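Q: mind folding the following:
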Amino acid sequence: LSVSAIYRDRQFTNIFFKITKFISQINLKEPITMIKNNYVFKDNSTNASDNDSEETVSNESEYINDPYPEKEIKNPTVYIYNTHQLENYNNDNLEIYGITPNVLMASYLLKEKLNNQGISTIVEDTNLTEFLELNNWNYANSYRASRIFMLDKQNTYKSLKYYIDIHRDSVNKALSTVTINNKPYARILFVVGLEHKNYQKNLDLANQINELFNKHYKGLSRGVLKKEGKTVDGIYNQDISPNVMLIELGGVDNNIEEVLNTVNAISNILSIYIGFYHPDLSTRYGVNIVAPIDYVSDGGTESGEWTY
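A: Residues are numbered from 1 along each chain as shown. Below you'll find the model as predicted:
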């Protein structure tokens, strides 16, 4: 093996250990922890889905509790949630442990990254599938369900500025994956509903953040998709706030390494945006983020560091 191949192998191993320990608090270097924690996941095949179509929830991955809930966050800036909470990713290299990564897991990871960067963030950890079942609502009512919890969080936390609904797209890997500086990423897509009177503000937000991705991670974003019509939701709860964004993170064939790389990128871009437009929020927790950040990514070289 070449040195680069060995490095990539070690890098993936480190990511793998980090993910499994994060999800289950199991240390794979100490197998006894698997018995002590009695931690079991259902092994499901990937199931491509559209944001607006009904699908059989039982064919998706399992609900995951937040392994590290934030009990001390009193004034969060960002609220992350998943209208389609159990949309799953490829479980390559994880299937032996019965672990199927999903968008809820990606949300927990993004929360950790943002909090570490000084952007106070919470995740909706209510089991929305269970909530739908308790109310005898079908999958088509998912946005109705997530809306209830969005409004509750908005009423509870007056400090909230941004609402991020993370989904997983149904496109194939050729479209959902990009390599930047020899690192694989799960590509993203912003979705904006045009069926409410204030959609332009949501569209402006998506376009601004999309441009930041184009500047710092060229090729990572697939752009901004505007949706309206009878076959789609058309609002996506974006009428609640001008700062609601829906992000399709990866596709059915993306693995957890690619998703985690993109989570890192999203946290960096949001830190730029929030630091520029809300400097008071970024400094509240001891992090002073100034835009533009000295970061070079032209598709060939990069500094590899974020300068604060």
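Q: C-alpha from now on. contacts and neighbour counts both.
A: OK.
Q: strands along this protein, start to end?
A: 78-81, 121-123, 162-167, 177-180, 183-186, 188-193, 221-227, 244-249 (DSSP state E).
Q: out of the ones you listed, nearest to residue 215?
A: strand 221-227 (10.4 Å; Cα to Cα).
Q: and that closest one, what does it pack against?
A: strand 188-193, helix 199-216 (3 or more Cα pairs under 8 Å, 6 or more residues apart in numbering; DSSP states H and E).
Q: which one of these is the most hemmed in?
A: Most buried of those, by mean neighbour count (mean count of other Cα atoms under 10 Å): strand 188-193, with a mean of 24.
Q: as a markdown table, the strands of the chain with mean pLDDT would be great.
A: Formatted as a markdown table, the strands of the chain follow (pLDDT from 0 to 100):
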| stretch | mean pLDDT |
| --- | --- |
| strand 78-81 | 97 |
| strand 121-123 | 95 |
| strand 162-167 | 98 |
| strand 177-180 | 97 |
| strand 183-186 | 96 |
| strand 188-193 | 98 |
| strand 221-227 | 97 |
| strand 244-249 | 98 |
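Q: redo these as CSV? Include distance to residue 93.
A: Listed next are these as CSV, based on distance: least, Cα to Cα, whole Å:
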stretch, distance to residue 93
strand 78-81, 26
strand 121-123, 26
strand 162-167, 22
strand 177-180, 18
strand 183-186, 16
strand 188-193, 23
strand 221-227, 26
strand 244-249, 20
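Q: out of these, the one nearest residue 129 is which?
A: strand 78-81 (13.1 Å).
Q: who does that closest one pair up with?
A: With DSSP bridges as the test, strand 78-81 is paired with strand 121-123 (parallel), strand 162-167 (parallel).
Q: what residues does the first one touch?
A: Applying Cα atoms under 8 Å, 6 or more residues apart in numbering, the contact partners of strand 121-123 are 70, 73, 76-81, 107-108, 111, 114-115.
Q: quick check: buried residues in stretch 123-135?
A: Buried residues in stretch 123-135, counted by 16 or more other Cα atoms under 10 Å: 123-126, 128-129, 132.
Q: so which of those belong to helices?
A: 128-129, 132 (DSSP state H).
Q: quick one: those residues as JSON lines, columns for pLDDT and distance to residue 228 too.
A: Converted to JSON lines, these look like this (pLDDT from 0 to 100; distance: Cα to Cα, whole Å):
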{"residue": "128", "pLDDT": "93", "distance to residue 228": "25"}
{"residue": "129", "pLDDT": "91", "distance to residue 228": "25"}
{"residue": "132", "pLDDT": "94", "distance to residue 228": "24"}
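Q: distance to residue 151 added to these, as TSV?
A: Converted to TSV, those look like this (distance: Cα to Cα, whole Å):
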residue	distance to residue 151
128	15
129	18
132	17
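Q: using PDB, write down the CA coordinates of stretch 205-219.
A: Below are the C-alpha coordinates for stretch 205-219, written out as PDB (Å, rounded to 0.1, in the frame of the first residue of the first chain):
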ATOM      1  CA  LEU A 205     -31.100  33.000   2.300                       C
ATOM      2  CA  ALA A 206     -30.600  29.800   0.300                       C
ATOM      3  CA  ASN A 207     -28.900  31.700  -2.600                       C
ATOM      4  CA  GLN A 208     -26.500  33.400  -0.200                       C
ATOM      5  CA  ILE A 209     -25.400  30.300   1.600                       C
ATOM      6  CA  ASN A 210     -25.200  28.400  -1.700                       C
ATOM      7  CA  GLU A 211     -22.800  31.100  -3.000                       C
ATOM      8  CA  LEU A 212     -20.600  30.600   0.100                       C
ATOM      9  CA  PHE A 213     -20.500  26.900  -0.700                       C
ATOM     10  CA  ASN A 214     -19.600  27.700  -4.300                       C
ATOM     11  CA  LYS A 215     -16.700  29.900  -3.100                       C
ATOM     12  CA  HIS A 216     -15.300  27.600  -0.400                       C
ATOM     13  CA  TYR A 217     -16.300  24.100  -1.500                       C
ATOM     14  CA  LYS A 218     -16.800  24.300  -5.300                       C
ATOM     15  CA  GLY A 219     -19.000  21.500  -6.500                       C
END
